[in-house]
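# One predicted model, sequence on top.
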Amino acid sequence: MFKKSPSELKTSSALRNSDRRKLAGDVATAFKLAPEECDLLVPDGLQARKFKSSGGEPGTIYQSPDGEPLWFTVGKQSTTLVPTVYTLWKRPKLVSILHTPAFVVEKLSDGADLMIPGVLETAEQLPGVSKGDLVAISIIGSNVSLAIGTMAVPPSSLGKGMKGKAALILHIYEDYLWEMGSKSGPPAALPYPEPSEDLDETTSKLAALSTEDETKDALDERVPTESVETSPEESVTFGSNNEMTTPAEVDTILRTALVHAIATSLSKLPASSFPIMGTNLYSAYILPSRPSDTPADADIKHSSYKKLTKFLKTAEKDGLIKTKDVKGETWLTSVNATCPDVLQHTGYKTIADAEKKDASKKEQEKRQAARSKKDGIAITELYKPHGPSVAFFDVMSKNTDDLYNGVEVRTVLLEYVKEHSLVHPREQGFVVLDKLLQEVLLNKGEEIEFMRREDALERLRSKMQAWHSIALKEDEAPVVKKGQLAPISVVAKTRQGRRVISLVTRFELYGIEADELAEALRKACASATSVTPLPGKNAGSEVLVQGNQLKIVSDLLMERGIPKKWIQLEDTTGKK
């Protein structure tokens, strides 16, 4: 749903108190919450924001006053309120949870739905859940929800040997909806019930993973179950530089990774997070904790241990961990943070760190490319504290020599309103003007006690000095200039009786050359064009094209990356 950015995203607007109360009532009814519990999940000042998904489905996002997305609906007629991961982290038991291996969650992040073989739960563990109901997704061994979706089948269809989709994913951690909020990470851990001694259902569900070839292959890459026919003395060739890594060296890498995991994450988990299944410990903690320059094949299969259980038992003898065996599966019950190896451990850059950095860089480049393709030239309106607004920014301990974009100015204003409790007691969308705001926002002779939040924001921006930033070329830094950027002007006029012409000016500000634009318009409009210098220093040129060509000129400019907002069309011919 939110893997790609919405095709349309409207400006947010504050809900009326009556609408907010109704929404809170709907939440209380749907999720069986006490009215007082809804204050956290449906707070005062809640904002509503209409959107249309990349697939064309309309919906509404409900955000807290500070912009955190809390709920959303999808579909024209849908009244089902779906909690975001931010809401699920506040109320972990809001909906039933399906557990799946960590690597499956990675596939969900790529836009896949959750398949039945990847679900740990059985029908008996999902009482009251039906097809179409909301369910959260978490990794095995944790109750921290990382995704939300709807059941694609009734729980009775879950089980060994069953195939197909288990849940249709609507929203997942680190997607575009998550990015609209604070971008905070999930909590380290939430209470998780200790498994019973009888784990037949658990082991049978994990065995069912093999019914999906793709899932089985992914599992085999991370969790070794078979012994590899390789002698301990046999060395393994890694990388392209023909360096040899022996099984003994792989042993050292894995032990170091376990020590690092204990020192940095496992020792910080609450007791309720244990026990942890050995296979999950291996895939979620040990492998990601290997040094970043570790060869990709440095795993259990290429070590002298060959099997994960043997490795864990050796670590237990060394005093690093404690384990227990239940029905043939080794579980981690605790770690020893006071072990000398852990206390003397020095941190390093791990494979997980490197992968996260690379993924972040690729995602940023991908979004930048998509944004450039969709939105064209990146143009940002900037504001600098000036005149009476300087005092306001001084009070907020903000640098008055800096330039601020519109969102940043809004944030500073909302911070001031929040710190000084200036939200109107009856109308949440209004701001009470204290002495400082009156001095900054009001004109001479005005006497206003309160005004709409958006009006106050607009006034604050108007009291600041206008600047702008425009990125003309992808490989060059944006051009930052003082003053408000003027849009490209396209005017249709009547000359010499009935002869209609179209005049284009101010295009040079956007990196477009006059002669090149005239030639492009000549071809696009199949009409004569000309270029005339405008009077005045640095006034630029005027491109003339015969006929009323407003639409063609506008389309051509947008194809060249000029956002529609920055194209000003005017028809003075009197014709519609």
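Done, it's in. Residues are numbered from 1 along each chain as shown.
# farthest residue from the center of this protein?
Centroid-distance maximum for the chain: residue 497 at 57.5 Å, with CA atoms, centre = their mean.
# Would you confirm that that one belongs to a strand?
No - per DSSP: H, G, I helix; E, B strand; the rest coil, residue 497 lies outside any strand segment and is coil.
# Would you check that residue 45 makes contact with residue 63?
No - at 9.5 Å, residue 45 and residue 63 do not qualify as touching, with contact defined as CB atoms under 8 Å. Backbone N, C-alpha and C define where each C-beta goes, glycine included.
# Between these two, tell me which one has more neighbours.
residue 63 (22 against 17; other CB atoms under 10 Å).
# OK, contacts around the more buried one?
If you count contacts by CB atoms under 8 Å, 6 or more residues apart in numbering, residue 63 has them with 12, 46-49, 69-70, 180-181.
# Let's see that with 7 Å instead.
12, 47, 49, 69-70 (CB atoms under 7 Å, 6 or more residues apart in numbering).
# of those, the lowest pLDDT goes to which?
Note: of the contacts of residue 63, the lowest pLDDT belongs to residue 12, at 77.
# Spatially central residue (nearest the centroid) of this protein, please.
Mean-position check on the chain, CA atoms, centre = their mean. Result residue 179 at 2.9 Å.
# Which of the three states applies to residue 493?
strand.
# Help me confirm that residue 358 is found in a strand?
No - counting by three-state DSSP, residue 358 falls outside a strand, being helix.
# Quick check: the gap between it and residue 178.
According to CB to CB, to the nearest Å, residue 358 stands 20 Å off from residue 178.
# Please say which of the two ends up with more neighbours.
Legend: neighbour count by other CB under 10 Å for residue 358 and residue 178, higher for residue 178 (20 against 10).
# For that one, what are phi and psi?
Reported as degrees, to the nearest 10, the phi and psi values for residue 178 are phi -60, psi -40.
# picking up where we left off before, now that we're looking at the residue nearest to the centre of the chain, what pLDDT does it have?
Looking at residue 179, its pLDDT stands at 87.
# same deal with the one 5 residues further on?
For residue 184, the pLDDT comes out at 81.
# Nearest spatial neighbour of it, chain-adjacent residues omitted?
Spatial nearest neighbour of residue 184, chain neighbours left out: residue 86 (7.6 Å); criterion: CB to CB, 6 or more residues apart in numbering.
# in terms of contact, does residue 552 touch residue 523 like I think?
No - at 10.5 Å, residue 552 does not count as touching residue 523 under the criterion of CB atoms under 7 Å.
# ok, these two, which is more surrounded?
Using other CB under 10 Å as the criterion, residue 552 and residue 523 rank with residue 552 on top: 18 against 10.
# show me what contacts the more buried one?
Contacts for residue 552 (CB under 7 Å, 6+ apart) come out as 524-525.
# quick one, phi psi at it?
Dihedral angles of residue 552 (phi, psi; degrees, to the nearest 10) stand at phi -60, psi -40.
# Next: residue 49.
Here residue 49 shows phi and psi, under degrees, to the nearest 10, equal to phi -140, psi 110.
# thought residue 487 was touching residue 567?
Yes - counting by CB under 7 Å, residue 487 does reach residue 567; the two are 6.1 Å apart.
# quick one on the thing from earlier: wait, which of the contacts of residue 63 is closest to residue 288?
Set against residue 288, the nearest of the contacts of residue 63 by CB to CB is residue 69 (28.1 Å).
# and the gap between that closest one and residue 58?
Remark: distance between residue 69 and residue 58 (CB to CB) = 16 Å.
# Tell me which of the two has more neighbours.
The neighbour comparison of residue 69 against residue 58 (other CB under 10 Å) goes to residue 69, with 25 against 15.
# close enough to count as contact, that one and residue 181?
Yes - Residue 69 is within contact range of residue 181, at 5.2 Å (criterion: CB under 7 Å).
# anything in contact with each of those two?
Between them, residue 69 and residue 181 share these contacting residues under CB under 7 Å, 6+ apart: residue 86.
# so where's the stretch 151-300 of the chain uncertain?
Low-confidence segments of the stretch 151-300 of the chain (pLDDT under 70): 188-244.
# quick one: the strands in it?
165-172, 236-238, 243-245, 276-277 (DSSP state E, counting those that start in this stretch).
# State the pLDDT value of residue 73.
Confidence at residue 73, expressed as pLDDT, is 92.
# Run me through the strand neighbours of the helix or strand it falls within, direction for each.
Assigned by DSSP states H and E, residue 73 belongs to strand 69-74. According to DSSP bridges, strand 69-74 forms sheet pairs with strand 58-63 (antiparallel), strand 82-83 (antiparallel).
# For the stretch 351-500 of the chain, just list every one of the helices.
351-375, 389-395, 406-419, 435-441, 453-462 (DSSP state H, counting those that start in this stretch).
# Tell me which of those helices lies nearest to residue 75.
Residue 75 lies closest to helix 351-375 among the helices of the stretch 351-500 of the chain, at 24.1 Å (CB to CB).
# Ranking helices and strands of this structure by mean pLDDT, which lands last?
When the helices and strands of the chain are scored by mean pLDDT, DSSP states H and E, strand 236-238 comes last with a mean of 36.
# I'd like to know how many residues surround residue 126.
Neighbour tally, residue 126, other CB under 10 Å: 20.
# With adjacent residues omitted, what lies nearest to it?
Distances taken as CB to CB, 6+ apart place residue 155 nearest to residue 126, at 4.2 Å, with adjacent residues excluded.
# That neighbour reaches residue 125, doesn't it?
No - using CB under 7 Å, residue 155 and residue 125 do not qualify as a contacting pair, with a distance of 8.1 Å.
# If you count surrounding residues, which of the two has more?
Shown here are residue 155 and residue 125; by other CB under 10 Å, residue 155 has more neighbours (24 against 17).
# Flag the shaky bits of the stretch 301-450 of the chain, pLDDT-wise.
Along the stretch 301-450 of the chain, the model assigns pLDDT under 70 to residues 360, 362-376.
# the helices in the stretch 201-350 of the chain, which residues?
Remark: helices assigned in the stretch 201-350 of the chain by DSSP H, counting those that start in this stretch are 213-222, 247-264, 278-281, 308-317, 340-343.
# how many neighbours does the closest residue to residue 468 other than its chain neighbours have?
If the residues on either side of it in the chain are set aside, residue 468 comes closest to residue 485, at 4.1 Å by CB to CB, 6+ apart. Around residue 485 there are 18 other residues, counting by other CB under 10 Å.
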